[in-house]
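Chemist: What would the 3D arrangement of this be:
(2 chains)
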Protein chains: 2
Amino acid sequence: MLRASKRARSLTISPIRKLVPFAQAAAAKGKKVYHLNIGQPDLPTPPNFMEKIRTFNKKTISYGNSQGDLELIKAVQKYYHSWNMDYDLDNIYITNGGSEALEMAMLTTCDPGDEILVFEPFYPNYNTLAKAFGIKLRPVATSPTAGYHLPDEETIVKKLTVNTKAILLTNPGNPTGVVLTREEMDLISRIAIKYELALIVDEVYREYVFSGKFESFGTRKALANNLIITDSVSKRYSACGARIGCIISKNKLYCKEFMKCCQARLCPPTLEQFGAAALYDTPPSYLKKANEEYQKRCDTIKAELAKIPGLISSKPEGAFYVMVKLPVDSAEKFAVWLLNEFDVNGETVMIAPGDGFYATKKKGLQEARLAYVINCDDLKKAIGLLAAGLKAYPGHLQVV
Amino acid sequence: MLRASKRARSLTISPIRKLVPFAQAAAAKGKKVYHLNIGQPDLPTPPNFMEKIRTFNKKTISYGNSQGDLELIKAVQKYYHSWNMDYDLDNIYITNGGSEALEMAMLTTCDPGDEILVFEPFYPNYNTLAKAFGIKLRPVATSPTAGYHLPDEETIVKKLTVNTKAILLTNPGNPTGVVLTREEMDLISRIAIKYELALIVDEVYREYVFSGKFESFGTRKALANNLIITDSVSKRYSACGARIGCIISKNKLYCKEFMKCCQARLCPPTLEQFGAAALYDTPPSYLKKANEEYQKRCDTIKAELAKIPGLISSKPEGAFYVMVKLPVDSAEKFAVWLLNEFDVNGETVMIAPGDGFYATKKKGLQEARLAYVINCDDLKKAIGLLAAGLKAYPGHLQVV
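Modeler: As a prediction, this is how the structure comes out:
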């Protein structure tokens, strides 16, 4: 019988997108759904993106450079310089979104059977891509009650094996919104250097930190040979659909392989690259305003969540996510119930069930990720619906 | 030491792009280089692509559907209907160019260690993607003297093992330009069905066949469950830089996995999809004219190549490639020499060395692929330069 490969069948459906059919059914019945499930910012993309694209006037949309368009690479270089990180042009490779950057990072650092250290909960596509490439994720637990911060050095080092080739993390955190402390960054850097591990960091939310200044791993010179940064314009400039990201490293051995990966898919899309170069010219006021808006929403969601009995929440300090532990039998059942069976005056809310953010089985079953990508008024309504839903849900656990 | 993975290091550099640094150096010295190395059509992209994109007016470039934009999926469906192939909307998945379609086809059909039957010479990225996913290519030889047509059933079947999961081919052929005969298609279909193999076919050049009507594997009902078609707008509409392709199958088990692969990279690029939908509304006269132009070039290159002593050529009947065996010690050395050391009045020619189109080591060393993607006058000049280069090249083999 013609079946799909075991590897393909083992891939999990995105927890962020798996309940979409239920949401569509709810919408078809006329229900209004507040979407807290997906990190799709509602802010407008800077208009210079489309303005530039409209001026594209080449007669033939031909293959570009595999590494990416030079204009865009230079724009990325300049942007990193403004963050006190100096990269050569051949340290930077343009990718189809942050997703492809992550794919190249995994392929470049790991052979089949190799392991990557991750901190649970983490971005779900880490699971999918690792399975596609035969890589094993070694999860280090963090917990809701410890605010999803890192455990001590001993606990982390215990997870390393001879097959561990990399540490992979998102900072500011997705799904938790947690920003690593200086001490945590010291710890991670020390381990990466001591055990000769690649350190793959996704810092796409670096502009969205709400107290103090964000520190990038890229400013640590001792890490130069270990570090691979994956990046994207998606969240920075509210341009998720453009699918323009990049992968950056000072390690020449890695860069050589990035280039081969780039050649295997020929080039990134022409017009979206052309527009993305203009995004990097967006006045700093855009990012400042976006930061303020997300900070306001962060304060709002924290205040609203604090009113819900029995709910434990991460203390988000960046990005636009908060991870919560809910007083329910199953966060997924609850999420489906919210869409199928619940409404207040024809309105309900959609959340992303937590277990998909874990590699360890049966973990995160009562957790959920909430993305605060809607305005403060709607956010209040959405969390109000979550609170009302929790009260009415048959699988609600008694809060003692 | 922090090294790249063995898997990454084993990836080969594209034979089509590996000599680009030499071409750039030649151009920097003021040499004019005729590019026969890359399948980059010079024809203009239909203007409706950019016209449509300029009208895009959404404020936020947000994530699209993972499967692709419905408008584009419907356009692809309609296009296939015009070729007498009827696909449901959930048989069609939009990809980042034909490359990603190929990636999804491999991942969906093969586990690590599984094998795919290919016919040498073949499109070089088959090698790269197979290595990335731990898949082994099982090459069946075809030869310049047999016009690169398929061997008999016994020879092909002998290459099958218990681990063979798929047959992968391009028709019309890249790099040979050969179009499969009805008998060859019968043979391949029979083997795929009898041995329960996926049949992955890349038919991106189906509009560019110069005698008789092209027959798609997709019109063969008995193959419905085996067939995976990878496709792209790149060559059809001279829009290689758009990176818009698709993967199509009627096998529901495969489609389920395509969808998971799609979710892993979130969505294809928004604007290029928006424009690509308009490409499918291009008047048929565009493709007719393109076909006539390529046919003229095909006739031209065949006539010019026939004048070169000791050169053996495929008999191209489609696409825009011809594979040649050259009377030289090494086609790669010769190609580099053409760029570095040779010119006639400041002009030279660039070709793609043949060994990168083989999986078997030491094969294709005297062969090269020529892409006829320049106008007939330039093509004549380019082949004239090739002939003059052969005469002057120190590693030229005596023709007996």
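Chemist: what about residue A:206, helix or strand, and which?
Modeler: Remark: residue A:206 resides in no helix or strand, with elements defined by DSSP states H and E.
Chemist: distance of the residue nearest to it when sequence neighbours are not counted from residue A:101?
Modeler: Once flanking residues are discounted, residue A:206 sits nearest to residue A:214: 5.0 Å by Cβ to Cβ, 6 or more residues apart in numbering or on different chains. In this view, the C-beta of every residue, glycine as well, is placed from N, C-alpha and C. Taking Cβ to Cβ, to the nearest Å as the measure, residue A:214 and residue A:101 are separated by 19 Å.
Chemist: what does residue A:148 give?
Modeler: Between residue A:148 and residue A:101 the distance, using Cβ to Cβ, works out to 24 Å.
Chemist: could you pull out the strands for chain A?
Modeler: Listed in chain order, the strands of chain A (DSSP state E) span A:32-35, A:92-96, A:115-120, A:136-141, A:164-170, A:198-202, A:227-232, A:244-249, A:312-313, A:321-325, A:347-350, A:352-353, A:367-371.
Chemist: who's in contact with the nearest residue to residue A:4 once chain neighbours are set aside?
Modeler: Once flanking residues are discounted, residue A:4 sits nearest to residue B:257: 4.5 Å by Cβ to Cβ, 6+ apart. Shown in contact with residue B:257 (Cβ atoms under 8 Å, 6 or more residues apart in numbering or on different chains): A:4, A:5, A:8, A:9, A:11, B:104, B:107, B:108.
Chemist: Quick one, grab the pLDDT at the residue positioned nearest the centre of chain A.
Modeler: Computing the C-alpha centroid of chain A and ranking residues by Cα atoms, centre = their mean puts residue A:174 first, at 4.7 Å. pLDDT for residue A:174: 96.
Chemist: What of residue A:375?
Modeler: On pLDDT, residue A:375 comes in at 96.
Chemist: OK, contacts around it?
Modeler: The neighbours of residue A:375, taking Cβ under 8 Å, 6+ apart as the test, are A:42, A:297.
Chemist: quick one: it and residue A:42, what's the gap?
Modeler: 7 Å.
Chemist: Check residue A:370 too.
Modeler: Counting by Cβ to Cβ, the gap between residue A:370 and residue A:42 amounts to 14 Å.
Chemist: got the contact list for whatever residue of the stretch 101-250 of chain A ends up closest to chain B?
Modeler: Per Cβ to the nearest Cβ, the residue of the stretch 101-250 of chain A with the smallest distance to chain B is residue A:241, at 3.5 Å. Neighbouring residues of residue A:241 by Cβ under 8 Å, 6+ apart: B:61, B:62, B:63, B:64, B:267, B:269, B:270, B:271.
Chemist: swap the cut-off to 10 Å and go again
Modeler: If you count contacts by Cβ atoms under 10 Å, 6 or more residues apart in numbering or on different chains, residue A:241 has them with A:40, A:45, A:97, A:234, A:272, B:58, B:60-64, B:69, B:266-271, B:273-274.
Chemist: Mind pulling the model confidence for the residue lying closest to residue A:73 once chain neighbours are set aside?
Modeler: Closest residue to residue A:73 apart from its sequence neighbours, by Cβ to Cβ, 6+ apart: residue A:92 at 5.0 Å. We have a pLDDT of 98 for residue A:92.
Chemist: close enough to count as contact, residue A:92 and residue A:86?
Modeler: No. If you go by Cβ atoms under 10 Å, residue A:92 and residue A:86 don't touch, sitting 11.3 Å apart.
Chemist: Mutual contacts of these two, please.
Modeler: Residues touching both residue A:92 and residue A:86 (Cβ under 10 Å, 6+ apart): A:77, A:80.
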